[in-house]
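[1] this is a predicted model, with the sequence first.
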Amino acid sequence: AVEYYKKGCELGDGLGCYFLGSYYGREEGAEKSSAKAAEYYRKSCDLGNQWSCSDLGYFYQKGEGVEKSPGKAVDSYKKACELGDGWGCASLGNYYYRGEGVEKSSIKAFEFKKSGCELNNGRACASLALDYIHGEAVEKSLDKAIELAHKACELDDGVGCAIMGFFYGRGEGVEKSANLAFELSQKGCELGAGWGCTNVSAYYVHGVVVEKSLNKAVEFVKKGCDLEDSRGCSLFGYYCGRGEGIEPSSLKAVIYSRKGCDLEDGWGCALLGSLYDRGLGIKQSFSKAIQLATKGCEMGNGQSCSLLGAYFERDKSVKGAFAKAIKFYKKGCELGDGLTCSLLGAFYKNGDGVKGSLSQSIVFVKKGCELRHAASCSKLGAYFERGEGVEKSLAKAVEFNKKGCELGDHSGCFNLKVLNRVVSSTGRKSSD
């Protein structure tokens, strides 16, 4: 077959040159040659074969068989897109999004990805779905995001399937279904989307749809990490550090939390910072811990901001340290760290380092409960039970202690039993 491809290529058949490029680029053993593959892809691209132009762009992108060149990668992807290759359009869109080899433009990135999706490239459709989720160069639209993610998944794009799994898991824009969420996340994982693998792990952690298994959860976060999912790497580092579902290893905890941080998962930076702080698996360094927590906080990770607050609260040598601690605790709470919201509630209730304010305390505790922090819900229930800072309500006391209990807070479960006995003994309804 190779001889026929060579003859066809010599006679000016672009497809023959493309097959030769694929042969040398993908053949295992002595015949493999990235340089020869690039040479034939270039010739095929010059002859108008769109697939070769895309593959040549990839070689310039990765520096395989040619010198790495973002500019030449852009040129090759642009020609591929013009010739009707969806993957070329999607890749060109990514270059405009990152501003590599071209002037950064989210508008052009969106347009090229749109062209790629119209040419039935799943990756382009999935990327467009994310644009509609985040409002990148286009107005946010959950309906459009779902439509595009669904199309991407049908085109066997793993990210599209993972996005749909996320929507079904939360019941956003679609009817909530744990079964569909798991199936789509698993499909995304099988199609090479690391995010899908990491999502699957959560089902094994909680025993939803599948039998609870921490070993399986660890297996899937490792797979997610191997596929470059940042949160998968951070989680694998977390499990290694705690020895949950895997042999404990502080060294692996450092390696994988660092990888998560490098892949821009703020929580990974927080984990790595805490390892530096305690000197686990790495030489102890408080300055490194602060540096990493700052990095994670700047990435928008609430737990990193909270950790930074804890460092300032602890370090009495810094002038105005507690004020800085409160500032970062508030940012952590705003960014979704329920535990820190609860902590702030305690500070304001007791007047610890801040002016005491029961109303402020309730605001933070309520926020913590909304963020599914179990103890915050139970505390909020206690406020309603006593009528402290809020109108006394047995119904709300039961409601919030029940939520705290369901989320795993033992005091919420205990309080709920007591409240139910009160309801039974007095004959009052919990709705009173």
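    Perfect, I can see it now. Numbering: from 1, shown residues only.
[2] make it CA atoms for all contacts and neighbour counts henceforth
    OK.
[3] list the contacts of the spatially most central residue of the chain.
    Closest to where the C-alpha atoms of the chain average out (Cα atoms, centre = their mean) is residue 231, at 5.5 Å. Applying Cα atoms under 8 Å, 6 or more residues apart in numbering, we find residue 231 in contact with 195, 198, 225, 260, 265, 267-268.
[4] go again with 6 Å.
    For residue 231, the contact set (Cα atoms under 6 Å, 6 or more residues apart in numbering) comprises residue 265.
[5] what's the helix or strand for the residue nearest to residue 283 when sequence neighbours are not counted?
    Among residues not flanking residue 283 along the chain, residue 276 sits closest, at 6.7 Å (Cα to Cα, 6 or more residues apart in numbering). Assessed by DSSP states H and E, residue 276 sits inside helix 266-278.
[6] which pLDDT does the model give the residue nearest to residue 283?
    Reported pLDDT at residue 276 in the predicted model: 97.
[7] surely it meets residue 290?
    No. Counting by Cα atoms under 6 Å, residue 290 is not a contact partner of residue 276; they are 9.2 Å apart.
[8] sec struct for residue 43, please.
    Judged by DSSP: H, G, I helix; E, B strand; the rest coil, the three-state class of residue 43 is helix.
[9] nearest residue to residue 329 other than its sequence neighbours?
    residue 306 (4.9 Å).
[10] quick one on the thing from earlier: what sits against the residue nearest to residue 283?
    284-285, 289.
[11] rebuild those residues as CSV, extending it with neighbour count and secondary structure.
    Formatted as CSV, the contacts of residue 276 follow (neighbours: other Cα atoms under 10 Å; DSSP: H, G, I helix; E, B strand; the rest coil):
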residue, neighbour count, secondary structure
284, 16, coil
285, 16, coil
289, 25, helix
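[12] how about the residue nearest to residue 329, what does it touch?
    Contact analysis of residue 306 by Cα under 6 Å, 6+ apart lists 328-329, 332.
[13] now, these that are in helices?
    Among the contacts of residue 306, DSSP state H puts 328-329, 332 in helices.
[14] buried subset of the residues you listed, written for ChimeraX?
    Burial among the ones in helices among the contacts of residue 306 is assessed by 16 or more other Cα atoms under 10 Å; the matching ChimeraX selection reads:
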select :328,329,332
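[15] what's the neighbour count on residue 392?
    Residues near residue 392, counting by other Cα atoms under 10 Å, number 15.
[16] now it: how far from residue 381?
    Going from residue 392 to residue 381 by Cα to Cα, to the nearest Å gives 10 Å.
[17] quick one: which of the ones in helices among the contacts of residue 306 is nearest residue 121?
    Nearest to residue 121 among the ones in helices among the contacts of residue 306 is residue 332, at 38.7 Å by Cα to Cα.
[18] give me every residue that touches the closest one.
    By Cα under 6 Å, 6+ apart, the contact set of residue 332 is 302-303, 305-306.
[19] excluding its backbone neighbours, what's nearest it?
    Spatial nearest neighbour of residue 332, excluding adjacent residues (Cα to Cα, 6+ apart): residue 302 at 3.9 Å.
[20] quick one: contacts for that neighbour?
    332, 335-337.
[21] could you give me the buried positions within the worst-scoring helix or strand of the chain on mean pLDDT?
    In the chain, the helix or strand scored least confidently by mean pLDDT, DSSP states H and E is helix 410-426, which has a mean of 87. For helix 410-426, the neighbour count (16+ other Cα under 10 Å) marks 410-413, 415-416, 419-420, 423 as buried.
[22] cool, stretch 209-222 as well?
    Within stretch 209-222, the residues that count as buried by 16+ other Cα under 10 Å are 213-214, 216-222.
[23] other residues contacting it?
    Under the criterion Cα under 6 Å, 6+ apart, residues 197-198, 201, 204-205, 232, 236, 245 lie in contact with stretch 209-222.
[24] which residue ranges form the helices in the stretch 201-350 of the chain?
    Along the stretch 201-350 of the chain, counting by DSSP state H, counting those that start in this stretch, helices occupy 214-226, 230-242, 250-262, 266-278, 286-298, 302-314, 321-334, 338-350.
[25] rounded mean pLDDT for the last one, please.
    I take that to be helix 338-350. The average pLDDT for helix 338-350 rounds to 94.
[26] please apply the same query to the second one.
    Mean pLDDT, computed over helix 230-242, is 98.
[27] before we move on, what about stretch 254-266?
    Stretch 254-266 carries an average pLDDT of 97.
[28] circling back: mind giving me CSV with the buried residues of stretch 209-222 and columns for distance to residue 79 and pLDDT?
    Formatted as CSV, the buried residues of stretch 209-222 follow (distance: Cα to Cα, whole Å; pLDDT from 0 to 100):
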residue, distance to residue 79, pLDDT
213, 49, 97
214, 48, 97
216, 44, 98
217, 43, 98
218, 43, 98
219, 41, 98
220, 38, 98
221, 38, 98
222, 38, 98
